[in-house]
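Undergrad: predicted model and sequence below, questions to follow.
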Amino acid sequence: MGTKNDKKALLEGLFVDMKKAILGKNYELSVSFVSSKRIEELNLIYRNKKEPTDILSFPLSKKEGEICICLPIARKEAKKFGRTYENFINFLFIHGLVHLKGYDHGSTMESIEAKFRKKFKV
């Protein structure tokens, strides 16, 4: 049975692989794990929604962006979607990466996400 550090290393490796597959190896990405309070503040500032969310993506340029993930909200949301917590984090990460690629919610984005979920067994 793996330790918490083993799982963390595997997750970090998977995040890097996902990032390279979706955005390319030269894309500079910052990932932050933030509190429910902080993600609510960011959601209000950038989306004018006064509620916490599980993930926010911020494209800074064509080759640079940031993703903020709220783990407590993601844990709650995972249950709603019938996914394990770890699987849902990967699901969210792919979602955020596809947003950084320039896609908005809709059938095209869903199709692209499905392709990468299949590739990474998410």
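TA: Okay, I see it.
Undergrad: which pLDDT value belongs to the residue most central in space within the chain?
TA: For the chain, the residue nearest the mean C-alpha position is F93 (2.2 Å; CA atoms, centre = their mean). pLDDT, F93: 97.
Undergrad: what's the answer for L14, then?
TA: L14 carries a pLDDT value of 88.
Undergrad: element containing it, please.
TA: In the assignment (DSSP states H and E), L14 maps to helix 4-23.
Undergrad: one more: G102?
TA: Using DSSP H and E, G102 is not contained in any helix or strand.
Undergrad: likewise for F58?
TA: Following DSSP H and E, one finds F58 within strand 55-61.
Undergrad: who does that strand pair up with?
TA: strand 64-69 (antiparallel) (DSSP bridges).
Undergrad: got a list of contacts for the partner strand?
TA: With CB atoms under 8 Å, 6 or more residues apart in numbering as the contact definition, strand 64-69 has outside contacts at 23, 27-34, 38-39, 42, 54-60, 89, 92-93, 96-97, 100. Backbone N, C-alpha and C define where each C-beta goes, glycine included.
Undergrad: swap in 7 Å and give it another go.
TA: Identification of contacts with strand 64-69 by CB atoms under 7 Å, 6 or more residues apart in numbering yields 28-34, 39, 42, 54-60, 89, 92, 96, 100.
Undergrad: got the CA positions of that strand in PDB?
TA: Provided in PDB are the C-alpha atoms of strand 64-69 (Å, rounded to 0.1, in the frame of the first residue of the first chain):
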ATOM      1  CA  GLU A  64       1.000  30.800 -19.600                       C
ATOM      2  CA  GLY A  65      -1.900  30.300 -17.100                       C
ATOM      3  CA  GLU A  66      -3.000  29.400 -13.600                       C
ATOM      4  CA  ILE A  67      -5.500  27.000 -12.200                       C
ATOM      5  CA  CYS A  68      -6.900  27.300  -8.700                       C
ATOM      6  CA  ILE A  69      -8.600  24.200  -7.200                       C
END
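Undergrad: now that strand: how far from the chain's centre is it?
TA: Put simply, strand 64-69 sits 8 Å off its chain's centre (CA atoms, centre = their mean, to the nearest Å).
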